[in-house]
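Student: sharing a sequence plus its predicted fold:
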Amino acid sequence: MSCAFQSGSASVYLEIQWWFLRGPEDLEPGAEGAGAQVELVPDRDPDNDGTKISTVKVQGNDISHKLQISKVRKKDEGLYECRVTDANYGELQEYKAQAYLRVAASGHARRMQAFEASPMWLQDTKPRKNAPSPESPSKVHNQQRANRL
């Protein structure tokens, strides 16, 4: 699963974390079908929600991190969350995006498959400084993807 963040201005510090929040048995019925969500996170204690899987820290405007799970098993199914902390000279903003990982057994070899959605994009709502025009995250992603082909 991929998660990326674009800040509207040069940040002093950016941190991206992947968390496993809960498995399918802990979710309300129908909750896994809600899709990805992006929202500004109010002050809260992140250490009380789920299990932290990884952390990446950088300086600059943009950050991304791909969570890779090898040997996927049914117990890996559940709700994952990407959390981004943007620190900018005393101003601290937190963002999050959630994705549900569904694991299905294949009929022939009983092998497990994980279905991954497209990357989750988080973007600061402030316009980027020194940028000609703000672009939507999906447009930027599609341009980068086209450049790689």
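Tutor: Noted; the coordinates are in hand.

Student: contacts, neighbours, all on C-alpha from now
Tutor: Will do.

Student: tell me which strands and helices the lengthiest strand in the chain is in contact with?
Tutor: Under DSSP state E, the strand in the chain containing the largest number of residues is strand 2-22. For strand 2-22, the elements it packs on are strand 51-66, strand 78-88, strand 120-123, judged by 3 or more Cα pairs under 8 Å, 6 or more residues apart in numbering; DSSP states H and E.

Student: quick check: mean pLDDT across the longest one?
Tutor: Right, strand 51-66. The average pLDDT for strand 51-66 rounds to 88.

Student: and that strand with strand 2-22, angle?
Tutor: With axes from the mean of the first three to the mean of the last three Cα atoms, to 10 degrees applied, the angle from strand 51-66 to strand 2-22 works out at 170 degrees.

Student: for strand 51-66, buried residues please.
Tutor: Burial within strand 51-66, assessed by neighbour count using 16 or more other Cα atoms under 10 Å, is assigned to 52, 61-65.

Student: of the helices and strands packed on strand 2-22, which is nearest Tyr100?
Tutor: In terms of Cα to Cα, the element of the helices and strands packed on strand 2-22 nearest to Tyr100 is strand 78-88, at 4.4 Å.

Student: who's in contact with that closest one?
Tutor: Residues outside strand 78-88 that contact it (Cα atoms under 8 Å, 6 or more residues apart in numbering): 3, 5, 7, 10-24, 32, 92-102.

Student: that strand - what's its average pLDDT?
Tutor: Rounded mean pLDDT across strand 78-88 is 91.

Student: what does stretch 9-26 give?
Tutor: Stretch 9-26 comes out at a mean pLDDT of 85.

Student: begin at 56 from here
Tutor: Happy to do that; since the first residue is 56 now, the last one works out to stretch 64-81.

Student: with only the CA atoms kept, save it in CSV.
Tutor: Taking Å, rounded to 0.1, in the frame of the first residue of the first chain, the C-alpha atoms of stretch 64-81 are listed here in CSV:
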residue,chain,number,x,y,z
SER,A,64,5.1,25.0,1.9
ALA,A,65,8.6,23.9,2.9
SER,A,66,8.3,21.9,6.1
VAL,A,67,10.9,21.8,8.8
TYR,A,68,10.0,18.1,9.5
LEU,A,69,7.7,15.6,7.8
GLU,A,70,7.0,12.1,9.3
ILE,A,71,4.9,9.4,7.8
GLN,A,72,3.7,6.3,9.8
TRP,A,73,1.8,3.2,8.9
TRP,A,74,-0.5,1.7,11.5
PHE,A,75,-2.6,-1.5,11.7
LEU,A,76,-5.8,-0.4,13.4
ARG,A,77,-8.0,-3.5,13.5
GLY,A,78,-8.8,-6.8,11.9
PRO,A,79,-12.2,-7.7,10.2
GLU,A,80,-13.5,-9.1,13.5
ASP,A,81,-13.1,-5.7,15.2
